[in-house]
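Q: Here is my input; please provide its structure:
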Amino acid sequence: MGLTLDRNDTIAGYRPAIFKQALRSYARTENPGNLVDLKSVFANRRDGAIVFEECLDRGLIDQASLKRTDAGDHMARAKAKPRTPIARADVILEQLLCRAEIINADSDGFSFVDEIWLFGSVLRRAETVGDIDLAMICSRNVPDDDDYDAYQARVEDRFDRAGADLPSLRYWWEKEAWLRERSLFGLKRHPLLAGVEDDLLDLEALAVPCRLIFDRRRGGRVDDPILERHPQSPGRSAGIGPAPHSVDLTPGALRPMDGRWVPGFQDWGEVCPSSIFRGWTKDARRVFAAYPWNLRVFADGYKQNDFPWVPEALKRGGIDGRSLLLVVAVDAGAVDCCGVSVVLSRRIEITDDKWTLYAEMVDVELHHARPVVDPQSLSPIVGAIALVLAADAERMVRRAAELPTMPAIAISLKRAGLVDMLQRFLIDQIHKKIKSRVVAVEPEGFGRIVSIKCV
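A: Numbering: from 1, shown residues only. Next comes the predicted model:
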């Protein structure tokens with residue numbers, strides 16, 4: 001018994017198994033940087049960052065403590081497979097009950113089915129189910145004189161006459177288990193019956209509603225009432241959380257992503273395109289014309305780590321990584337070290353028919369050794385900001401696609417208030433990279449549905 005996710009469903013456009021694998025790995029370190037860089041799960045860091053944000057917004061990871069929530073625990077343990085309509089599950093259950101009746105009708109058989117208890121989603125009559133939760137009690141058909149030698153001989157004989165392609169089993173009790181499995185479930189156990197228990201231990205420990213549907217002492221099938229828990233259950237065992245029937249994946253309010261995903265949530269903020277794109281790939285070279293050796297993305301709580309310059313905006317604080325994000329580029333090889341820092345402000349405005357990401361450069365600072373901005377030093381900053389905005393827009397598309405009617409998605413870049421040189425070499429270049437899709441914006445399978453404009 002447990003949560004079953006329909007692998008044909010999607011969460012923000014990703015298969016549930018992606019979230020399951022990410023959350024399982026996250027529990028080991030509770031480090032966002034490790035999650036976004038799971039190479040076995042994500043093709044690149046950006047996908048990992050979007051899934052991390054969705055885990056936060058959907059209550060799978062706590063936004064304050066960054067620990068996995070109960071819902072996240074259930075999600076990590078969930079099964080990801082197609083769900084089956086309840087009518088089909090009823091047919092499979094009926095077939096099992098028929099086999100139990102046949103087994104009990106064979107007086108010369110070696111086994112009886114004594115009880116079958118039903119619980120879980122089939123008992124609740126859910127529209128679709130992941131499996132059929134059953135607990136069974138079986139017993140041996142031993143003669144009254146307790147002649148176990150004769151019983152073992154009967155098992156051996158039945159096994160030898162079971163047909164061709166028999167498994168290589170050494171002990172009689174292994175053959176007994178194999179024969180019982182085959183008589184109950186046929187040549188191949190149906191996937192819905194994969195979790196059928198051959199004792200009551202789990203049912204008693206779970207202390208969940210259940211119903212006796214088969215009782216050999218009373219002739220087989222019975223129509224007993226649903227019990228709050230099994231009569232022998234002392235209550236839910238310590239350490240077993242509430243039984244998850246479902247996880248509420250309704251997302252919270254859409255907000256800009258934590259831009260620290262770009263440096264992999266490192267406190268020292270180093271931007272490494274080879275880590276973002278899984279190598280110095282063609283896509284990486286399109287975003288960053290040259291490898292940005294001294295490019296940093298900072299928020300409060302940074303560690304300088306010998307970086308030659310700390311801008312005043314970072315010293316003042318209030319850089320939360322979402323509404324405000326600091327991007328710094330330094331030419332450490334130049335005489336006296338030169339640098340430029342930009343504070344990026346972001347917010348998302350949502351109306352019924354349009355979602356808009358507003359972006360503005362609210363603070364531009366020069367290192368004291370550089371009296372004017374060198375356009376060349378802005379190039380890595382352009383790449384980093386374009387990447388941040390494109391990831392925000394992609395997540396907006398993924399979230400909007402879950403709605404019955406998809407709203408328009410737009411990015412609005414503010415030019416007003418900046419000197420002409422910054423308008424041309426910063427804002428216009430960011431606009432160009434996004435509009436031309438030098439940096440990808442929409443998820444695969446979507447056309448160019450995100451518009452971008454400068455105001």
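Q: any chance you could map the helices in the stretch 101-250 of the chain?
A: Here the stretch 101-250 of the chain has its helices, by DSSP state H, counting those that start in this stretch, at 121-124, 148-160, 172-185, 201-206.
Q: Leu426: which of those helices is closest?
A: When the helices of the stretch 101-250 of the chain are compared by CB to CB, helix 121-124 sits nearest Leu426, at 55.3 Å. From N, CA and C alone the C-beta is placed, and that goes for glycine too.
Q: Can you point out the buried residues in the closest one?
A: 121-123 (16 or more other CB atoms under 10 Å).
Q: what do you get for stretch 92-111?
A: Using 16+ other CB under 10 Å as the test for burial, stretch 92-111 gives 92-93, 96, 99-100, 103-104, 109-111.
Q: Which helix runs longest in the protein?
A: helix 375-400 (DSSP state H).
Q: so what strands line up beside the helix or strand just after it?
A: Going down the chain from helix 375-400, the next helix or strand is strand 408-413, by DSSP states H and E. Applying DSSP bridges to the sheet, strand 408-413 is found paired with strand 354-366 (parallel), strand 450-454 (parallel).
Q: Redo these as a markdown table? Include distance to Ile319, mean neighbour count and mean pLDDT.
A: As requested, those are exported to a markdown table (distance: least, CB to CB, whole Å; neighbours: other CB atoms under 10 Å; pLDDT from 0 to 100):
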| stretch | distance to Ile319 | mean neighbour count | mean pLDDT |
| --- | --- | --- | --- |
| strand 354-366 | 10 | 18 | 94 |
| strand 450-454 | 24 | 17 | 94 |
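Q: give me every residue that touches Leu93.
A: 118, 122, 132, 134 (CB atoms under 8 Å, 6 or more residues apart in numbering).
Q: now do 7 Å
A: Each residue near Leu93 by CB atoms under 7 Å, 6 or more residues apart in numbering is listed here: 122, 132.
Q: mind putting the strands paired with strand 408-413 in CSV, distance to Pro32 included?
A: Below are the strands paired with strand 408-413 laid out as CSV (distance: least, CB to CB, whole Å):
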stretch, distance to Pro32
strand 354-366, 22
strand 450-454, 25
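Q: To Glu394, which of these lies closest?
A: Glu394 lies closest to strand 450-454 among the strands paired with strand 408-413, at 8.3 Å (CB to CB).
Q: can you give me the angle the closest one makes with helix 375-400?
A: 140 degrees (axes from the mean of the first three to the mean of the last three CA atoms, to 10 degrees).
Q: Could you list the residues in contact with strand 450-454?
A: With CB under 7 Å, 6+ apart as the test, strand 450-454 has contacts from 393, 397, 409-413, 415, 427, 431, 434-435, 441-442.
Q: measure Glu30 to Trp173 for me?
A: 45 Å (CB to CB, to the nearest Å).
Q: Tell me which of these two has more neighbours.
A: Per other CB atoms under 10 Å, whichever of Glu30 and Trp173 has more neighbours is Glu30, with 13 against 10.
Q: Quick check, pLDDT for that one.
A: Looking at Glu30, its pLDDT is 92.
Q: dump the residue contacts of it.
A: So Glu30 contacts 66-67 (CB under 7 Å, 6+ apart).
Q: hmm, try it at 8 Å
A: Contacts of Glu30 (CB under 8 Å, 6+ apart): 66-68.
Q: And Leu344, by the same measure?
A: Going by CB under 8 Å, 6+ apart, the list of residues near Leu344 reads 259, 324-327, 359-362, 385, 388.
Q: residue ranges of the strands in the stretch 251-400 of the chain, please?
A: 295-298, 324-331, 338-350, 354-366 (DSSP state E, counting those that start in this stretch).
Q: Reformat these into JSON lines and put distance to Thr10 next to each item.
A: Converted to JSON lines, the strands of the stretch 251-400 of the chain look like this (distance: least, CB to CB, whole Å):
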{"stretch": "strand 295-298", "distance to Thr10": "29"}
{"stretch": "strand 324-331", "distance to Thr10": "29"}
{"stretch": "strand 338-350", "distance to Thr10": "21"}
{"stretch": "strand 354-366", "distance to Thr10": "19"}
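Q: And those: which comes nearest Val247?
A: strand 338-350 (24.3 Å).
Q: mind exporting that closest one as PDB, just the C-alpha atoms?
A: Output of strand 338-350 as PDB, limited to C-alpha atoms (Å, rounded to 0.1, in the frame of the first residue of the first chain):
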ATOM      1  CA  CYS A 338      38.600  46.200 -13.400                       C
ATOM      2  CA  GLY A 339      35.000  45.100 -12.900                       C
ATOM      3  CA  VAL A 340      31.300  45.800 -13.400                       C
ATOM      4  CA  SER A 341      28.400  44.700 -11.300                       C
ATOM      5  CA  VAL A 342      24.700  44.800 -12.100                       C
ATOM      6  CA  VAL A 343      21.700  44.300  -9.800                       C
ATOM      7  CA  LEU A 344      18.900  42.500 -11.700                       C
ATOM      8  CA  SER A 345      15.400  43.200 -10.400                       C
ATOM      9  CA  ARG A 346      12.600  40.700 -11.400                       C
ATOM     10  CA  ARG A 347       9.000  40.300 -10.700                       C
ATOM     11  CA  ILE A 348       6.100  38.400 -12.300                       C
ATOM     12  CA  GLU A 349       2.700  39.900 -12.900                       C
ATOM     13  CA  ILE A 350      -0.200  37.600 -13.600                       C
END
